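> Kindly return the folded structure for what I paste below:
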Amino acid sequence: MQPDFFRKPCAPFTSDVLRAAGKHAAQERPNEACGLVRDGRYVPCENVASDPETAFEIAPAEMAKAYRAGDLQGVVHSHPGGPWHPSAADMAGQIATGVPWAIVVPGEAGAELACHWGTPRPPMFLQGGVHVSRAFLHGVSDCYTLIKDYYSEVRGIQLDEFPRDWEWWKAPQTGGGLYLDNLESQGFRVVSTSAHDFCQIAQPGDAYLMAIRSKVPNHAGIYLGDGLLLEHMQGNLSHRQPIARLINHITHWLRRD
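Residues are numbered from 1 along each chain as shown. Presented below is the predicted three-dimensional model:
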């Protein structure tokens, strides 16, 4: 199984759809291009955003037409020059439309698929509990999505998505950041801020937080039991890791009852 599954064509973002979207994106540079996947075909749309070089907007009438027809399958837009991951606005837009989204990064004659999300995700664990490693991509396959996917697959619990920009933890914080501000609403409670003490009562499925060069916790993972953590940090594939290697850096332990 490909660890970078979110960078591979898959329905509704087939090779034909991505080829057509890439051609459109190359033609529209330096503006962001945008289009819809309708009934298996890429339909280019006009970008009506006030600043099309930094954002995109599809006319409401165009979206309404696709919804009325009942054939809307996805949204594609381009990030000329990057980044190769969604912004908070992109993540919020995907949630609002209720269909998968994809980002392409254009070149001279076409574009590369940066990522897609909102599409079916591969399992975290194979039969026998073997973890399927995945590559890191902020907002698509990162430490929070690791927690979301764990709870969906292992516990049958669907956690909410929280749109976020890259390095959100460097922006002025009015609270505890992504994790401390939102996990309580998802049923989690802080059970300890002493990593060593918590080891005495740790349970599989507990989440841990870390603050990495940040004033607020900006990294998280899952305790699997038997002294192992499920970890996914930028630049690495997701993996199991002995708790002893990270315990001195853990700031909070949370549990969902």
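> for the protein, which spans come out with low pLDDT?
Applying pLDDT under 70 to the chain picks out residues 1.
> Break it into its domains for me.
As assigned by automatic domain parsing, the chain contains the domains 5-117, 143-256.
> so which of these gets nearest Met124?
domain 143-256 (5.2 Å; C-beta to C-beta). Every C-beta, even on glycine, is put in place using the N, C-alpha and C of the backbone.
> End to end on that closest one, go ahead and measure it.
Distance across domain 143-256, first residue to last, is 17 Å (C-alpha to C-alpha, to the nearest Å).
> go on, stretch 77-91?
12 Å.
> Identify each buried residue in that stretch, please.
77-80, 83-87, 90-91 (16 or more other C-beta atoms under 10 Å).
> do the same with stretch 2-16
Residues of stretch 2-16 classed as buried by neighbour count (16+ other C-beta under 10 Å): 5-7, 12-13.
> re the thing from before, looking at the domains of the chain, spot the one closest to Val132.
domain 143-256 (8.3 Å).
> Report the beta-bridge partner residues of Pro207.
Just to correct that, residue 207 is Ala rather than Pro. Beta-bridge partners recorded for Ala207 (DSSP bridges): Ile222, Leu254.
> rewinding a little: state the pair within the buried residues of stretch 77-91 that is farthest apart.
Taking C-beta to C-beta, no two of the buried residues of stretch 77-91 sit farther apart than Pro80 and Met91, at 19.3 Å.
> one step back: need the domains of the chain in JSON lines (columns: distance to Met124).
Formatted as JSON lines, those follow (distance: least, C-beta to C-beta, whole Å):
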{"stretch": "domain 5-117", "distance to Met124": "12"}
{"stretch": "domain 143-256", "distance to Met124": "5"}
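> do you know which of the ones you listed lies nearest His131?
Short answer: domain 143-256, nearest of the domains of the chain by C-beta to C-beta, at 5.9 Å.
> Report the distance from the closest one to the chain centre.
Chain-centre distance of domain 143-256: 15 Å, with C-alpha atoms, centre = their mean, to the nearest Å.
> same thing with stretch 66-74?
Here the centre of stretch 66-74 is set off from its chain's centre by 24 Å, with C-alpha atoms, centre = their mean.
> Need the contact partners of that stretch.
Stretch 66-74 is touched from outside by 11-13, 17, 36-40, 43, 63, 97, 99-102, 116, 118, with contacts defined as C-beta atoms under 8 Å, 6 or more residues apart in numbering.
> how about a cut-off of 10 Å?
Contacts to stretch 66-74, defined as C-beta atoms under 10 Å, 6 or more residues apart in numbering, come from residues 11-13, 17, 21, 35-43, 45, 58, 63, 65, 75, 94, 97-102, 116, 118-119.
> What residues sit buried inside that stretch?
66, 72-74.
> same deal with stretch 181-196?
In stretch 181-196, counting by 16+ other C-beta under 10 Å, buried: 182-183, 186, 188, 190, 192, 195.
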